[in-house]
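J.: Fold the following.
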Amino acid sequence: MTKQKRRKPPRHACPLCAVPRSGRGLPLTLPFGIPTYWSPEAALAIFEFIDDMRDVILATYCTQLQEAARKQRQSPADRMVIPDDELPF
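T.: Reported below is the predicted structural model:
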């Protein structure tokens, strides 16, 4: 028989993968696969990163984002183009 090797724990624990806290009543993940066991510091770091990324995207694509948002808010009737010669009145 071969001897099974024990896995060594990582030398540096991942700050995002803190030991899950029991009894919080939360599922292990939130929508988009976001773990519920991050430390508050890790969650804040990720939140700040996403906020910074949002600012960069907005600065780069401001006009295109505004146009896309405007189009999404329009009802289908608003998007329909009827030539003047086909108007019912």
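
J.: tell me which helix or strand of the chain sits lowest on mean pLDDT?
T.: One helix or strand of the chain scores below all others by mean pLDDT, DSSP states H and E: helix 76-79, with a mean of 64.

J.: If you count residues, where's the longest helix of this structure?
T.: Longest helix in the chain by number of residues, with DSSP state H as the criterion: helix 40-73.

J.: Just the buried residues of it, please?
T.: Using 16 or more other CB atoms under 10 Å as the test for burial, helix 40-73 gives residue 42. C-beta here means a position set from N, CA and C on the backbone, and glycine is covered the same way.

J.: mind checking how far residue 50 is from residue 85?
T.: Going from residue 50 to residue 85 by CB to CB, to the nearest Å gives 51 Å.

J.: for residue 46, same thing?
T.: Applying CB to CB to residue 46 and residue 85 gives a distance of 57 Å.

J.: Residue 36 is in contact with residue 42, isn't it?
T.: No - counting by CB atoms under 8 Å, residue 42 is not a contact partner of residue 36; they are 11.7 Å apart.

J.: about what we covered before: avg pLDDT for the longest helix of the chain?
T.: With pLDDT averaged residue by residue, helix 40-73 scores 93.

J.: Could you shift the numbering so residue one becomes 5, and keep it that way?
T.: Fine by me, first position is 5 from now on; the one you just mentioned is helix 44-77.

J.: Next, residue 41: secondary structure please.
T.: Secondary structure assignment for residue 41 (DSSP: H, G, I helix; E, B strand; the rest coil): coil.
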